[in-house]
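Kindly return the folded structure for what I paste below:
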Amino acid sequence: MRLYFISFMSFLLSLNMFAQDVKVNGIIIDESGSEVPFASVIFSSKNDSTITYGTLGLEDGSFSLILKKDEYIVEVSVVGLVSKSFNYNLKGNGDSIDLGKLSIQSETQLDEVVVRNTTSAVKLGLDKKEYDVSKDLLSKGGTLADVMQNVPSVQIDGSGNLSLRGNANVLILLDGKPSGFASSAEFLRSIPASSIAKVEVITNPSAKFTAEGAAGIINVILKKGTVRKLNGSAEIFTGYRFNIGSNVNLNGAAKTGSWYANTGIGYSEPLGKSWISLDDFISEPDSTEQNSERLRKQLYVLLNVGGDKNLGEKQTLSGSVTYRKVVANNENTTDYEDFNNRTLTSIINRFEEEDQKGSFFQGRTDYNIRLDTLGQKFEVGFNAEFSRNNDDAQILENRVFPELNNNGLDITFNEENRRQYLVSADYTLPFQKESKLELGYLSTLGSTRNDYGVRTEADMGFVDIPEFTNNTEYRENVHAFYGQYTGSWNKLSFKLGLRSETTDILIKAMATDYQEGKNYTDIFPSAFLNYKLKGDATFNLSLSRRIGRPYYKLVVPFSSYTDRRNIFVGNPDINPRYISSAELAYSGKILEKFQIIPTLYIRDTKNEMEFFVERRNVTVGSETREVFASTIANIGNYTAYGLELGIVHKPTNWWDIYLETTFNGFKQVGNVRGASFNGEGLLFYGRFNHTINLFKSMKLQWQNNYRGPIETGQYRRKGIYYMNLGLSNSLFNDRYTLTVNYSDVLNSNKRIVTTYGNGFIRELTLQNRVPQLNLSLSYRFDSKSKVKEGLQYDDVKIIN
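Presented below is the predicted three-dimensional model:
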C-alpha cells in the first residue's frame with residue numbers, strides 16, 4: 001500500500017514537469033455567452049514567424065496547450081462565426097496562465113449601441129445541437145412545449161410527448177438534472193418559454209453522461225447571470241385560444257459570484273380533439289364512431305433562483321432552488337355512436353370533469369475546488385427533488401338514443417408522490433498535450449407511491465371497483481461509476497470511456513399483495529474520434545451503448561381507467577432495452593456562409609418495447625364488460641439507420657435559413673401473443689425554417705414541418721405537415737419587442753393512426769392542440785446606458 005501511495009504521489013508531482021514553459025487555458029464563447037465547441041485556436045509568435053502553435057477546442061469550448069514564453073497573436077475561428085485575433089504577452093507569467101473567456105461574434109456586423117444578432121437560432125456541433133430560445137419568435141408567450149416544436153431532431157406527437165429521431169425514449173434534464181415531472185407532456189407545459197436560455201440535444205452521449213435514454217439527452221437550460229451589475233427582462237402575453245400571463249427574469253454578477261431569478265405565472269385554455277372509428281368483426285356493435293374534446297384550464301407558476309459564490313481563488317459553491325406548481329380543471333366530452341349493419345343503434349354522451357394539482361420542488365448544491373492552475377479539479381454535488389400530483393375526476397355517462405338512460409356516475413382519484421436524491425462526485429486530472437482523465441460517481445435514489453381508485457354509483461350509493469383500485473410503490477436506485485480519457489495526436493483527438501451502472505428495482509401492489517424485485521449491472525463503453533481537415537472541416541465518429549429503462553407506470557401491474565371501453569394495464573415482466581449506437585458526422589463550409597453537418601447513424605436495439613392493444617373481458621362488480629386494453633411489451637429487435645442532414649445558410653445579411661432532414665430506415669422483428677410486429681420501411685422528417693429581417697426593426701419567422709408516414713407492428717400512421725408563423729417588431733431603441741405568432745396555421749397538425757388487431761380495425765385521429773394565436777410584449781433592461789440584446793447564462797454541468 002505504501003509503495004502504491006508513493007508511486008501515486010510521484011505521478012502527481014511529475015505533472016509539474018509538463019509546464020516548463022507556460023501552459024495556456026481558455027474558453028471560446030459567442031456573443032450570447034454560449035460555449036463554442038471545436039474552435040480552431042492558433043498562436044503565432046510576433047518575434048519569430050516560424051513559431052506557430054495550434055489546437056482544436058473541446059466540446060465545452062475550452063482549450064489548453066503548452067508553448068514557449070513569448071508575445072503572440074491568437075486567432076480563433078469556427079464555422080459560422082467571424083474569426084477574431086487577440087494579442088497576448090506571455091512573458092514572465094509563471095508556469096501557467098488562464099486567458100479566461102475569448103468572445104467571437106456572428107458573421108453579422110454589430111451596431112455600436114445595439115447588438116442585432118440575426119444568426120440562426122440553431123447552432124450545429126459535432127457532439128450536440130444547441131437551440132437559442134432568444135431568437136425564437138414562434139414560442140413567445142408560450143411554454144417549453146412551444147419551444148420544443150422548433151428544436152433540431154426533436155418531434156412532439158399528438159399526446160404532447162417528445163421523441164428524438166423518432167425514438168420516444170429520451171432523457172429530459174433541467175439545468176443538467178432530472179426534470180422531476182411524471183411525464184414529458186406535464187413538464188413541457190410547466191416552464192415559460194421566456195425563462196429558457198437554450199436547449200441542448202445530445203444524440204450519442206459519452207460515458208460521462210448517465211446511460212439512461214435510448215435516443216439521447218435533451219437538456220433545458222434556464223437563464224442565469226454572468227454579466228456585471230443588474231440585467232433582466234420582463235414579458236406580458238395574451239392569446240387566442242385564451243392565454244394570458246407574465247414572466248420576469250433578473251440576473252447579475254460581481255467579482256465574488258453571480259445570481260439569477262426566473263419567475264413566471266400564466267393561465268391558458270388549450271383545446272384538444274380526438275376521433276376514433278372502430279370496425280369490430282367479432283362482436284356487436286360492429287362499428288363505433290367516437291368524438292372527443294378536451295378543454296384544459298390550467299394555471300402554472302414557476303420560481304427558480306440560484307447563484308455561484310467564490311470561496312477564495314480556487315473554490316466555488318453553487319446552489320439553486322426551483323419550485324413549479326400547476327393547477328388545472330379539465331373538461332372532457334365524448335360522444336359514442338354505435339352501428340350494426342350501418343344502422344345507428346345507440347348514442348351515448350360522456351362528460352368528465354377533472355381537477356389536477358401538481359407541485360415540484362428541487363434543491364441542489366455543488367462544490368467545486370480547483371486543485372492547481374493546470375485544470376485539476378474536484379466537484380461534489382447533491383440534488384433533492386420532491387413532487388406531488390393529485391387527479392380527481394367525475395365521469396357522467398348518459399344514453400340519449402334510442403331512449404334516455406342514465407348509466408351512472410363514476411369517480412376516479414389518483415394521488416402520486418415522488419422523491420429522488422442524487423449524489424455525485426467528479427474528478428478531472430489534466431495531462432500534457434490536451435489529455436485528461438475524468439473519473440466520477442453518481443447515485444440516484446428514487447421512490448414513487450401511487451394511490452389510484454375508481455368508485456361507481458350503485459343503488460346503495462358509491463362503491464369501489466376493486467379491479468381499478470390499488471396502492472402501488474415503485475423504488476428504483478441506480479449506482480454508477482465512470483472513467484473517461486481524452487487525448488489528441490496531431491489533427492486527431494479522441495475520447496474513450498467506460499461506465500458501470502447497477503440498477504435495483506422493487507415493485508409493490510398492496511391490494512393484490514404483489515411484490516417483485518429486480519437487480520442487474522450493466523457496462524456501457526463509449527468511444528469518440530475527431531479528425532480535423534483543412535480549414536474548419538472536421539470528421540467525428542462516435543460509438544456508445546445505452547439503456548432504456550421502462551417508466552414506472554408501464555411496469556406496475558395495475559389497470560388504469562380511461563373510460564368504459566378503454567383501459568391501460570402495466571406489465572411487470574417488461575425488461576429494459578439495450579441500444580448500441582454509432583454515428584459518423586462531418587462539419588464544414590461548402591460555400592461562404594453555408595454550413596453543413598451530415599450525420600450517418602445506426603442504432604440497434606435489443607428487447608425493443610411497443611404498445612400492444614388487445615380485446616379483453618373485465619368484470620366490474622357483477623357486470624362483465626368488453627374493453628380494449630393497451631399494455632407495453634418487449635416485442636423483439638429493432639434496428640434504425642439513416643442520414644440526418646443539418647444546413648445553416650445565410651444567402652444575404654437579412655435572410656437566415658435552417659434546413660433539417662432525417663431519412664430513417666428501420667427493420668423490426670418480433671411478436672407478442674401471436675401478433676406479428678415484423679416490419680421495415682423508411683421514415684422521413686423534415687424542418688425548413690426561414691428568418692427574414694423585413695425592416696431594420698422587424699423580423700419574420702416561417703417554419704415548415706413534415707413527418708412522413710410509417711408502418712410498424714399493429715400500427716399505420718399517416719404523414720403530417722404543419723406550418724407556424726411569427727413576426728416581431730423592436731420599439732423604443734430596441735428596449736421593447738412586440739411579437740405575434742400563429743401555430744398550426746393550416747390546422748393540419750393531426751396524428752392519424754390505424755391499429756390492426758385480432759378481429760378489429762381502429763383508426764385514431766389525435767390533435768393535441770388546436771391552432772393558437774399569441775401576442776407578447778417584452779422589455780429588456782440593464783444597468784448600463786447601452787443595450788445589448790442576447791442571453792447570458794452560466795456553464796451548466798450535466799449530472800453524470
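
Which residue is the nearest non-sequential neighbour of residue 738?
residue 729 (5.0 Å; CB to CB, 6 or more residues apart in numbering). For the C-beta atoms, the positions are set from N, CA and C on the backbone; glycine is no exception.

Go ahead and confirm that neighbour touches residue 737.
Yes: if you go by CB atoms under 8 Å, residue 729 and residue 737 touch, sitting 7.2 Å apart.

quick one, phi/psi of the residue nearest to the spatial centre of the chain?
Centroid-nearest residue in the chain, with CA atoms, centre = their mean: residue 218, separated by 2.8 Å. Main-chain dihedrals, residue 218, degrees, to the nearest 10: phi -120, psi 120.

Over to residue 148?
Main-chain torsions, residue 148, degrees, to the nearest 10: phi -60, psi -20.

Quick one: residues contacting it.
Each residue near residue 148 by CB atoms under 8 Å, 6 or more residues apart in numbering is listed here: 154, 156, 162, 188, 199.

Could you report the distance from residue 442 to residue 501?
9 Å (CB to CB, to the nearest Å).

Please apply the same query to residue 513.
31 Å.

try residue 438
Taking CB to CB as the measure, residue 438 falls 17 Å from residue 501.

cool, and residue 475?
Distance from residue 475 to residue 501, counting by CB to CB: 16 Å.

Between the two, which is the more surrounded one?
Using other CB atoms under 10 Å, the more surrounded residue of residue 475 and residue 501 is residue 501, with 21 against 16.

Now the one helix or strand that one maps to: average pLDDT?
Element membership for residue 501, per DSSP states H and E: strand 492-509. For strand 492-509, mean pLDDT rounds to 93.

Report the buried residues of that strand.
Buried residues in strand 492-509, counting neighbours by 16 or more other CB atoms under 10 Å, are found at 493, 494, 495, 496, 497, 499, 501, 503, 505, 507, 508, 509.

go on, stretch 681-693?
683, 685, 686, 687, 688, 689, 691, 692, 693.

what separates it from the chain centre, distance-wise?
Offset of stretch 681-693 from its chain centre (CA atoms, centre = their mean, to the nearest Å): 19 Å.

Kindly export that stretch (C-alpha atoms) in PDB.
Coordinates of each C-alpha in stretch 681-693 appear next as PDB, following Å, rounded to 0.1, in the frame of the first residue of the first chain:
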ATOM      1  CA  GLY A 681     -39.600   0.800 -44.000                       C
ATOM      2  CA  LEU A 682     -38.300   4.400 -44.400                       C
ATOM      3  CA  LEU A 683     -39.400   7.300 -42.300                       C
ATOM      4  CA  PHE A 684     -38.800  10.900 -43.300                       C
ATOM      5  CA  TYR A 685     -38.700  14.000 -41.100                       C
ATOM      6  CA  GLY A 686     -38.200  17.500 -42.400                       C
ATOM      7  CA  ARG A 687     -38.000  21.000 -41.000                       C
ATOM      8  CA  PHE A 688     -37.500  24.100 -43.100                       C
ATOM      9  CA  ASN A 689     -37.100  27.400 -41.200                       C
ATOM     10  CA  HIS A 690     -36.700  31.000 -42.500                       C
ATOM     11  CA  THR A 691     -35.800  34.100 -40.500                       C
ATOM     12  CA  ILE A 692     -36.200  37.200 -42.600                       C
ATOM     13  CA  ASN A 693     -35.400  40.800 -41.500                       C
END
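
can you list the residues that contact that stretch?
Residues outside stretch 681-693 that contact it (CB under 8 Å, 6+ apart) are 118, 120-122, 135, 150, 152, 155, 165-166, 653-666, 699-712.

So which residues of this structure form helices?
2-14, 144-148, 184-189, 552-555 (DSSP state H).

on that earlier part again, and for residue 442 and residue 501, which residues touch both?
210, 478, 479, 480.

The closest residue to the residue nearest to the centre of the chain other than its chain neighbours and residue 719, how far apart?
Spatial nearest neighbour of residue 218, excluding adjacent residues (CB to CB, 6+ apart): residue 172 at 5.1 Å. The spacing between residue 172 and residue 719, counted by CB to CB, is 26 Å.

Those two - which one has more neighbours?
residue 172 (20 against 12).

burial count for residue 136?
For residue 136, using other CB under 10 Å, the count is 27.

Quick check: the farthest pair among the contacts of residue 148?
Spatial extent of the contacts of residue 148 (CB to CB) is set by the pair 156 and 199 at 12.9 Å.

hmm, back to that, so residue 729 and residue 737 - more neighbours on which side?
Between residue 729 and residue 737, counted using other CB under 10 Å, the more crowded position is residue 737 (22 against 14).

I figured the more buried one hits residue 728, correct?
Yes: with contact taken as CB under 8 Å, residue 737 and residue 728 are classed as touching, separated by 5.6 Å.

Which residues does residue 280 form beta bridges with?
Applying DSSP bridges to residue 280 gives these bridge partners: residue 760.

wait, doesn't it sit right on residue 760?
Yes: counting by CB under 8 Å, residue 280 does reach residue 760; the two are 5.1 Å apart.

ok, back up a step: restrict the strand holding residue 501 to CA atoms and write it as CSV.
The C-alpha atoms that make up strand 492-509 are tabulated as CSV, following Å, rounded to 0.1, in the frame of the first residue of the first chain:
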residue,chain,number,x,y,z
LEU,A,492,-6.8,13.6,-34.3
SER,A,493,-8.5,14.0,-30.9
PHE,A,494,-10.2,11.1,-29.1
LYS,A,495,-12.3,10.3,-26.0
LEU,A,496,-12.5,6.7,-24.6
GLY,A,497,-14.9,6.0,-21.7
LEU,A,498,-16.4,3.2,-19.7
ARG,A,499,-19.4,3.4,-17.4
SER,A,500,-20.9,0.9,-15.0
GLU,A,501,-24.5,1.1,-13.7
THR,A,502,-26.1,-1.1,-11.1
THR,A,503,-29.9,-1.0,-11.0
ASP,A,504,-32.0,-2.1,-8.1
ILE,A,505,-35.9,-2.1,-8.5
LEU,A,506,-38.7,-3.0,-6.1
ILE,A,507,-42.4,-3.1,-7.2
LYS,A,508,-45.3,-3.4,-4.7
ALA,A,509,-49.0,-3.6,-5.3
